[in-house]
Structure formats: structure tokens, C-alpha cells
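**Student:** structure for this input, please:
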Amino acid sequence: MKNFIIITNRTKDKELQVTNRIRDYLTAHGAECIVEEELPEEGSGYTEAGCVPENTECAIVLGGDGTMLQAAIDLIDTEIPLVGINLGTLGFLSEVNRNDLETSLDQLLSDHFEIEQRMMLSGSVYSGTKQKETFQALNDIVITRRGSLQINSYNIFVNEKHLHCYHADGILVATPTGSTGYNLSAGGPIVNPCARLMVLTPICPHTLTSRTIVFGADSRIRIEIPATNRGSQVAAFDGDTLVRLENGDYIEITKAETVTRVVKLDHRSFLDILKMKMYDA
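**Tutor:** Just a heads-up that it's a prediction; the model follows:
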């Protein structure tokens, strides 16, 4: 690779010290490297896809997993692979540590890496028969209560067949990539990020028997908000984009047509990385 763009979460690299360190190293080794100089408007993400040169081969994302999730959505139509530099805490998506920068950059420059294609979700919100909005997510789509602390009901249909009516704080549907996020905290399983499946996990269900259910990637999950619910709900896409749901609305979740391409520089297995992140930290 010889053409890069650096996407920086400026709350994590305020003085752009790490950003400039990466840019200077790449340019000193004959690569082209663009750094966005202007801060985006609040809520607009970290970069605009239309500003990225067509010959860009890789986006280097500085921040944490949240920054990687936002960059994945920002560049969803470009097919540019992402590599994350972890300036946060745990960092499952942002695998490169700042102490290993030069070694990792050498791997990029010499094409010593693999590219993983990560499954994404598409969620369409409906009011009656009218489709309101559709968004994509790399980690998860979460439907939960807004404001009131009362438990709500959620009717779940899979491939047009009724599964169950959950009484819970919410419902989340995660990708394998998102299995180590909110899904894990809610008691869901950890899944190899290269798998192709969907994980449905109730959030704090009011029952002794509710468990996570794993569905195939081609499943169509519909989550209906009963008219009898009190208060309002919200659908959160990767914890960032929020869509208000009224009683009677529903959301249909399917595998997205697009994928996120993630550069893998660490040649250790998923289990080795999991052990290091979760047990040896």
C-alpha cells in the first residue's frame, strides 16, 4: 500500500501528535498520506466519503472502537479497508497499539497483512406500512426504552414466524464483530468476528428462562413495539445514530449488502487475542 488517509478522533489525539507521527513516517517511506485538517460538524462523523481520493488504498483510524465504527459507516460505500490505531482502552477493532506504530506501518507498506470482511446489519424502521428510515451497523442494532424505567414488551418475528414476546429493558441484534460489545455485557455469546450470523439478546429480561438466540445471516428479524407499551422507545445503530420508535412501529433487521473491510496485522488467532484482551488485561 502506498496511498493512505488518516482519520483521527481529535478528542483522543488533541495535539495530533500520533497523527503527525504516522504521516511523517509514511511520507518518509515514499507513501502518499492525507490528513483531514478541518473538524467535521457535530454529529457528521469524522470524515466525508466524497473528500477521499479515489486512489486511497487504506484508511488509518486513530481512536478506539467507537471511532472505527463511525469510520466504517462514513466510508461504507468506498470499500476502503480500515486499520485501527487504539488510543482508547480495550480495542477489539482497533488492534494496533501506539507503541507498535512503526512495525505496523512497515507491514502496511510492504503488504504484509490480511483483509477480513466483516458482516454488517441493515435496519429499516416502519410506521404501519410506511418505511421511515434505514441505517447500517457494524456492531449492533439496539431497541430500548427512552426515558421511563418501566419494562416494555417486544414482539419478535423471524422469517415471518412469531418467536416470542419478550418483557425486557430492550432487545439487541449483534453481528459477530459486535458480539464483544453490548451483547457481551448483556450476557450474549462471543462469536468469531469472521462468522456470518446474527445474535439476538434480550436486555435484562423479566424472566428466568430467556436466553440469546443465534440466527443465520440470511434471517429476517422483525421487532414490533406493541401499542400497549408505555413511554417511547429508541433504536440505536452502533450506539450512535438514534431513531425514535412510537408504539405500533417496528424494525426489520437483515444482513446488509455491504461489508466492512478490516486490515488484520496481528497474525495471532482470534482465541489468542480474546485471551489477551479479556483475561490477561
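**Student:** how about the secondary structure of residue 71?
**Tutor:** helix (DSSP: H, G, I helix; E, B strand; the rest coil).
**Student:** does it touch residue 59 like I think?
**Tutor:** Yes: the pair residue 71 / residue 59 is scored as a contact, 6.2 Å apart, by Cβ atoms under 8 Å. From N, CA and C alone the C-beta is placed, and that goes for glycine too.
**Student:** so where do the strands sit in the stretch 151-281 of the chain?
**Tutor:** 152-158, 161-168, 170-174, 197-203, 213-216, 221-224, 232-237, 241-245, 249-264 (DSSP state E, counting those that start in this stretch).
**Student:** what's the first one packed up against?
**Tutor:** Of the remaining helices and strands, those touching strand 152-158 by 3 or more Cβ pairs under 8 Å, 6 or more residues apart in numbering; DSSP states H and E are strand 161-168, strand 170-174, strand 221-224.
**Student:** quick check: which of the strands of the stretch 151-281 of the chain is buried the most?
**Tutor:** strand 170-174 (a mean of 26; mean count of other Cβ atoms under 10 Å).
**Student:** which residues sit against that strand?
**Tutor:** By Cβ atoms under 8 Å, 6 or more residues apart in numbering, the surrounding residues in contact with strand 170-174 are 121, 139-145, 152, 154, 156, 181-183, 186, 188, 198-204, 221, 223, 233, 253.
**Student:** one more: stretch 4-24?
**Tutor:** For stretch 4-24, contacts defined as Cβ under 8 Å, 6+ apart pick out 26, 31-36, 39, 46-47, 52-53, 56-64, 66-67, 71, 74, 80, 85, 87-88, 98, 101, 105, 108.
**Student:** so which of those belong to strands?
**Tutor:** Secondary structure assignment by DSSP state E places 32-35, 58-63, 85 of the contacts of stretch 4-24 in strands.
**Student:** hmm, which two among those are most spread apart?
**Tutor:** Farthest-apart pair in the ones in strands among the contacts of stretch 4-24 is 32 and 63; separation 22.1 Å (Cβ to Cβ).
**Student:** what lies in contact with stretch 252-261?
**Tutor:** 72, 76-77, 79-82, 115-124, 126, 136-138, 141, 173, 177, 196, 198, 217-223.
**Student:** quick check on these: which are buried?
**Tutor:** 72, 76, 80-82, 118-123, 126, 136-138, 141, 173, 177, 198, 219, 221-223 (16 or more other Cβ atoms under 10 Å).
**Student:** picking that back up, and the contacts of stretch 4-24, which of them are buried?
**Tutor:** 26, 31, 33-36, 46-47, 52, 56-64, 66-67, 71, 74, 80, 85, 87-88, 101, 105, 108.
**Student:** just checking, residue 206 touches residue 151?
**Tutor:** Yes: using Cβ under 8 Å, residue 206 makes contact with residue 151 at a distance of 5.3 Å.
**Student:** shared neighbours, those two?
**Tutor:** What both residue 206 and residue 151 touch, as defined by Cβ under 8 Å, 6+ apart, is the set 167-168.
**Student:** who has more neighbours, these two?
**Tutor:** Counted by other Cβ atoms under 10 Å, residue 206 and residue 151 do not tie: residue 151 has more neighbours, with 16 against 13.
**Student:** tell me who's in contact with the more buried one.
**Tutor:** Counting by Cβ under 8 Å, 6+ apart, residue 151 touches 167-169, 206.
**Student:** in the host helix or strand of residue 20, which residues are buried?
**Tutor:** According to DSSP states H and E, residue 20 maps onto helix 17-28. By neighbour count with 16+ other Cβ under 10 Å, helix 17-28 contains the buried residues 18-19, 22-23, 25-26.
**Student:** between those, which is nearest residue 241?
**Tutor:** Nearest to residue 241 among these is residue 19, at 25.6 Å by Cβ to Cβ.
**Student:** show the pLDDT at the residue lying closest to the closest one once chain neighbours are set aside.
**Tutor:** Of all residues not flanking residue 19 in the chain, residue 8 sits nearest, at 4.8 Å (Cβ to Cβ, 6 or more residues apart in numbering). Predicted confidence (pLDDT) for residue 8: 91.
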